[in-house]
Each structure stands twice: as C-alpha cells, then as structure tokens.
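Trainee: Got a predicted model here, sequence first, then my questions.
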Amino acid sequence: MSAPKKIVDMMMASDFFSQWLGIEILEVKEGTCKLQMTVRKDMLNGFGIAHGGITYSLADSALAFASNSHGQKSVSIETSISHTESLKENDVIIAEAFEEKCSNKIGIYTIKITKSSDLKVVALFKGTVYRTSQNWLNSTED
C-alpha cells in the first residue's frame, strides 16, 4: 500500500463526519485525491436541494486528504467555496483535489466538485493549509 493511501486510510478511520457523509475514496496520490458521495434526503435543505454545507464538507475532506498525503500533518487555515449548480437527492458527486502550491509551511489546493452523471461542475473550492512539523508515519515505516 502506498504511503498516501495508508495516511488517508488512517485519517478516515477516525473521521466520523466523513464516514457519516458516506464518502468513498476513489484515488489518492501525493498532493491529490478523488472522493465520491451520494446526496441523501437528510442532506437536503428547505428548498429540497442539497444544503451548501454538504459540498463544502466533501471538498473540505478532499482538502484534508490531499494536503496530508505527503506525510506531513496539515490543517486548514483558510477556505472558500462557490456553488454553481444545485443538487438533489440521489445525485452522486465527485470531488477532485489538486495541489497548486506546496512549500515547507503552506499548501494551496483547489477542489472541483462535479455531478458524476454529466460531469457538470457544481462547486469550486479553494483551501490553504498550514503544514506542521509532525509526520503521519515514522521514518522506519514503508
């Protein structure tokens, strides 16, 4: 198992919110990841569409997994999202995180969320993380 996959599996094991969302990890590499989830009825707002926090939360998880995949523990310090399309119950959405810049202390990522049925962009997310001095894996591990 690759180090990025091992790290994300460790994170997901204790990430009960991402588990509640029903997030599936499709792909993880250093600095990037791809996640999928299905919008459920209990995720809808009073308009009968997905609450904005749902796509935000999916993107936030993608940010966490992508930014920690290098092995250095990272935490978000600034995030923003633009919602471009509404989502309904049973829509399957995919979040793809891309690393734009990664230095010793700061990482910047963009996350694109699309509907899997037509690949229409439904939200765009930008996140900045602080990269701590702590590591996920010991240097003696593979």
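Mentor: Noted; the coordinates are in hand. Residues are numbered from 1 along each chain as shown.

Trainee: Not counting its neighbours along the chain, what's nearest Ser116?
Mentor: Using C-beta to C-beta, 6 or more residues apart in numbering and skipping the chain neighbours, the partner closest in space to Ser116 is Val92 (4.2 Å). Where C-beta positions appear, they are placed from N, C-alpha and C, glycine not excepted.

Trainee: Any idea how many residues pack against the one you found?
Mentor: One way to gauge burial is a neighbour count; for Val92, by other C-beta atoms under 10 Å, it gives 14.

Trainee: cool, Phe17 as well?
Mentor: The number of residues near Phe17, taken as other C-beta under 10 Å, comes to 10.

Trainee: what about dumping the CA coordinates of whatever helix or strand it lives in to PDB?
Mentor: When elements are defined using DSSP states H and E, Phe17 is found to belong to helix 16-21. Listed next in PDB are the C-alpha coordinates belonging to helix 16-21 (Å, rounded to 0.1, in the frame of the first residue of the first chain):
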ATOM      1  CA  PHE A  16     -16.600  10.000  11.700                       C
ATOM      2  CA  PHE A  17     -18.100  13.000   9.900                       C
ATOM      3  CA  SER A  18     -16.700  11.900   6.500                       C
ATOM      4  CA  GLN A  19     -18.000   8.400   7.300                       C
ATOM      5  CA  TRP A  20     -21.400   9.900   8.000                       C
ATOM      6  CA  LEU A  21     -21.300  11.700   4.700                       C
END
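
Trainee: now for it, which elements pack on it?
Mentor: Contact here means 3 or more C-beta pairs under 8 Å, 6 or more residues apart in numbering; DSSP states H and E; on that basis helix 16-21 packs against helix 52-68.

Trainee: could you give the angle of the helix or strand just after the helix it packs on to helix 52-68?
Mentor: With elements assigned by DSSP H and E, the helix or strand that comes after helix 52-68 is strand 72-83. Relative orientation of strand 72-83 with respect to helix 52-68: 150 degrees, computed using axes from the mean of the first three to the mean of the last three C-alpha atoms, to 10 degrees.

Trainee: could you measure the residue nearest in space to the middle of the chain against Met12, distance?
Mentor: The structure's the chain has its C-alpha centroid closest to Ala62; by C-alpha atoms, centre = their mean the separation is 1.1 Å. The gap separating Ala62 from Met12 is 12 Å, by C-beta to C-beta, to the nearest Å.
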